[in-house]
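1. Have a look at this prediction, sequence included:
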Amino acid sequence: MNQTPVITERLYHLLPSIYRQRDAESGEALRALMSVLEQEMRVVEHDIETLYDNWFVDTCQEWVLPYIGELLGVQDLLDANSIITSQRRRIANTIRYRRRKGIGAILENVVYDVTGWHTRIVEFFKMVSITQSMSNIRFQQGRIANLRDERSIEQLGGPFDALSHLVDVRSIHQDKNKPQRRQGKYNVANVGLFLWRLQSYAATERPVYPVQQTKGGFFFNPHGIDMPLFNKAQKNKDLTSISVEHQLPIRLKRKLFESDLNQYKAEQQTTLARYRPSNSTFYGPNRSLNIMVNGDSISPMRVISADLSEWGKEYFLEGSRGNLPSPDVAIDVELGRFLLSPTFLKQHKIKDEQISVDFHYGFSADIGGGPYDRSEDLAEFSSSMFHLTVGQNTECRTLQAALQQWTAHCLENKDGAALIEGVIQIVDNGVYREDLNLSLPPNTQLTIEAMDGKNPCIHLTAPMQITGSAPEQENACLTLNGLRVNHAILIKGGVTLKVLHSTILSPKTKGLADNHAVTGASHGGIETDPSARNVKIEIYRSLVGPLFLSKETAISIAIKDSIIDENSAGYAIASDETGQSWGPPAVLEHVTVFGKVRVQELIASESILTDEVNVERRQVGYIRFSYITPE
């Protein structure tokens, strides 16, 4: 919307100066009258500017969109079952799409506008096995299967299937009366749309996790667990071509990554090193993944794709092969691992902290912390607030040091009656390997948050202990925002804990590397000690392990837009792992709960409860617009 600069008392200053002088001598009654007229004039001006902005789909208000859409003949704009929050993009592109009707790529762009999911269209008639005319050879037609080509066999039946199929005369439509009946695909009139629900998120300049039993072995995941790597998705802006693999948020495969590296090496092996591009299609700076040593990226010429499911194997051949140099690093994109060659380690003598990685991971929504926008939920700073930044390039490099300064600040101001507020902000994507024991005095509010766009990890070997105020004192408040914690949080005393955009979940197993196992029997989540009293839990857009809080220690649980995972504990929300006692009253809104629930009271709306639910007070609360297992 256009913003006209506000000039105060414009109407008053349009009056001749003689009237203003006389008005000043008589008490400025005229000035007060003109100020009232000035306010009404601003309302009219604002309305005129808004009417002008409402002429255009890019700047108009939401209520105007259906009217513009009606003029263009766009249907189903007010569909009650639609998941679309705004139709602006769909209406804006309507004319552009209609001019190109008949092109399959238009469907991809329309679906992306409507759902926000990346899409690939497959015209199944191209996959039907036919005898081609020699006068009109179609090179994109499905070909005969080559059993030696592992990549083509791996893509069979998927969006990138390039093999020929016999005609399938069954209907492509799903029969509601016969849900078990298989649908037909490969026929002349059939078109398929493959959608990617999981989106790729960027993780930049992340420290690596070393493997103790194998020198030079590392995990991409900072907690030392296996995870598949994803491609960096790009919007296909070309309305005449179908999306290809490097534009979609696909899960990377070893064979696909290997063919990409082989293609790069074949094209660049005769090029001088200083003239070679630093990127292949999937590897390098600003690509899907990258490995850096002291800030310098390892060239794709020295990277190979390998299956690193067994660390002890030999993956490197000494010496160069033709014009190709010997590889320095082997990467397993399906497990999220990489291995540096013994020659590279001997030549460079690097330390683990000198290695950093960029990669992309897949997830279905903007929850649990990450590079997405969290600006609306960050703490607001004031001059009286305790504020401290933590990072590798700041004065305070550890969270424990920051918490010590916070404790000293609270001791200095404990005699005052005012609320003591503080913010500890982490400004990088580092991994903080330290055990945290936090004591919160009464009448204090502390926020530990990551800077917007950052997603640091807190790697613990024991539960994070939070000690709050005594039962007769006012609760202390702790807010965690944008963090990833690999262990449980244990609460003692009176605490109000707010978890925003965070992941608090330990690995389900001890993992494939013995050095990343965490001690203790906790499954990761939030727990209360028997000494805790009046605990309140608020969770928003987070991924959290089981909540073990008894009704004697906790007052309430409020969860919104989050996932609660029982993490092999059986119970997701209960007093403890055995579920023998009742948990506190819980309010769930847009929440998915994996595991059993046993609480005193329950209010659930638009949620998914995947296992048994037990509620002590069934006359209070409700479950509406939700799913519960029939059993």
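-> Done, it's in.
2. ok, which stretches of the stretch 151-300 of the chain are strands?
-> In the stretch 151-300 of the chain, the segments counted as strands under DSSP state E, counting those that start in this stretch are 191-196, 199-207, 209-210, 217-219, 290-293, 296-297.
3. so what does the fourth one touch, helix or strand wise?
-> Where contact means 3 or more Cβ pairs under 8 Å, 6 or more residues apart in numbering; DSSP states H and E, strand 217-219 is packed against strand 209-210, strand 337-340. C-betas here are computed from N, CA, C, even on glycine.
4. gap between that strand and the chain center?
-> 23 Å (Cα atoms, centre = their mean, to the nearest Å).
5. Strand partners (parallel or antiparallel) of that strand?
-> strand 209-210 (antiparallel), strand 337-340 (antiparallel) (DSSP bridges).
6. picking that back up, mind putting the strands of the stretch 151-300 of the chain in TSV, mean pLDDT and mean neighbour count included?
-> Below are those laid out as TSV (pLDDT from 0 to 100; neighbours: other Cβ atoms under 10 Å):
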stretch	mean pLDDT	mean neighbour count
strand 191-196	91	15
strand 199-207	92	19
strand 209-210	92	22
strand 217-219	94	22
strand 290-293	95	20
strand 296-297	92	12
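7. so which of those strands comes closest to residue 62?
-> strand 199-207 (24.5 Å; Cβ to Cβ).
8. other SSEs contacting the closest one?
-> Using 3+ Cβ pairs under 8 Å, 6+ apart, strand 199-207 sits against strand 355-363.
9. Let me know the average pLDDT across the strand it packs on.
-> For strand 355-363, mean pLDDT is 94.
10. Which strand or helix spans residue 388?
-> Residue 388 belongs to strand 386-390 when assigned by DSSP states H and E.
11. Show me what that strand is in contact with.
-> Outside strand 386-390, the residues that touch it by Cβ atoms under 8 Å, 6 or more residues apart in numbering are 381, 396-399, 402, 405-406, 409, 420-427, 432.
12. still on that earlier bit, compare the helices and strands packed on strand 217-219 and give me the one nearest residue 154.
-> Nearest of those to residue 154, taken as Cβ to Cβ: strand 337-340 at 19.7 Å.
13. OK, contacts around the spatially most central residue of the chain?
-> By Cα atoms, centre = their mean, the chain has its centre lying nearest to residue 366, at 4.2 Å. Applying Cβ under 8 Å, 6+ apart, we find residue 366 in contact with 372-373, 541.
14. Name the member of these with the most neighbours.
-> Compared across those, residue 541 has the highest neighbour count, 22 neighbours, by other Cβ atoms under 10 Å.
15. wait, what's in contact with that one?
-> Applying Cβ under 8 Å, 6+ apart to residue 541 gives the contacts 366-368, 500-501, 560-562.
16. wait, which of those residues is closest to residue 73?
-> For those, the nearest to residue 73 is residue 366 (33.4 Å; Cβ to Cβ).
17. any low-confidence regions in the stretch 451-600 of the chain?
-> Within the stretch 451-600 of the chain, the stretches with pLDDT under 70 are 508-522.
18. The strands of the stretch 151-300 of the chain: which one's closest to residue 310?
-> Comparing the strands of the stretch 151-300 of the chain against residue 310 with Cβ to Cβ, the closest turns out to be strand 217-219 (10.7 Å).
19. thought residue 485 was touching residue 504?
-> Yes: counting by Cβ atoms under 8 Å, residue 504 is a contact partner of residue 485 at 4.6 Å.
20. hey, what's in contact with both of those two?
-> Listed as contacting both residue 485 and residue 504 by Cβ under 8 Å, 6+ apart is no residue at all.
21. The contacts of residue 366 into TSV, with extra columns for distance to residue 22?
-> Written out in TSV, the entries for the contacts of residue 366 read as follows (distance: Cβ to Cβ, whole Å):
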residue	distance to residue 22
372	61
373	56
541	62
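22. Closest to residue 595 out of the residues you listed?
-> residue 541 (19.5 Å).
23. Kindly provide the distance from the closest one to residue 590.
-> 9 Å (Cβ to Cβ, to the nearest Å).
24. For the stretch 51-200 of the chain, give me the ranges with low pLDDT.
-> By pLDDT under 70, the weakly predicted segments of the stretch 51-200 of the chain are 76-86, 102, 176, 179.
25. just the helices in it please.
-> In the stretch 51-200 of the chain, the segments counted as helices under DSSP state H, counting those that start in this stretch are 65-72, 88-92, 94-98, 104-115, 150-154.
26. Distance to residue 476 and mean neighbour count for these - can I get that in a markdown table?
-> Putting the helices of the stretch 51-200 of the chain into a markdown table (distance: least, Cβ to Cβ, whole Å; neighbours: other Cβ atoms under 10 Å) gives the following:
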| stretch | distance to residue 476 | mean neighbour count |
| --- | --- | --- |
| helix 65-72 | 46 | 15 |
| helix 88-92 | 44 | 19 |
| helix 94-98 | 54 | 13 |
| helix 104-115 | 43 | 18 |
| helix 150-154 | 54 | 15 |
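27. about what we covered before: any idea how far the residue nearest to the centre of the chain is from residue 542?
-> In terms of Cβ to Cβ, residue 366 sits 11 Å off from residue 542.
28. Repeat that for residue 172.
-> Taking Cβ to Cβ, one finds residue 172 at 40 Å from residue 542.
29. Who has more neighbours out of the two?
-> residue 542 (27 against 15).
30. isn't that one right next to residue 500, touching?
-> Yes: with contact defined as Cβ under 8 Å, residue 542 and residue 500 form a contacting pair (6.6 Å).
31. could you give me the average pLDDT of stretch 226-233?
-> 94.
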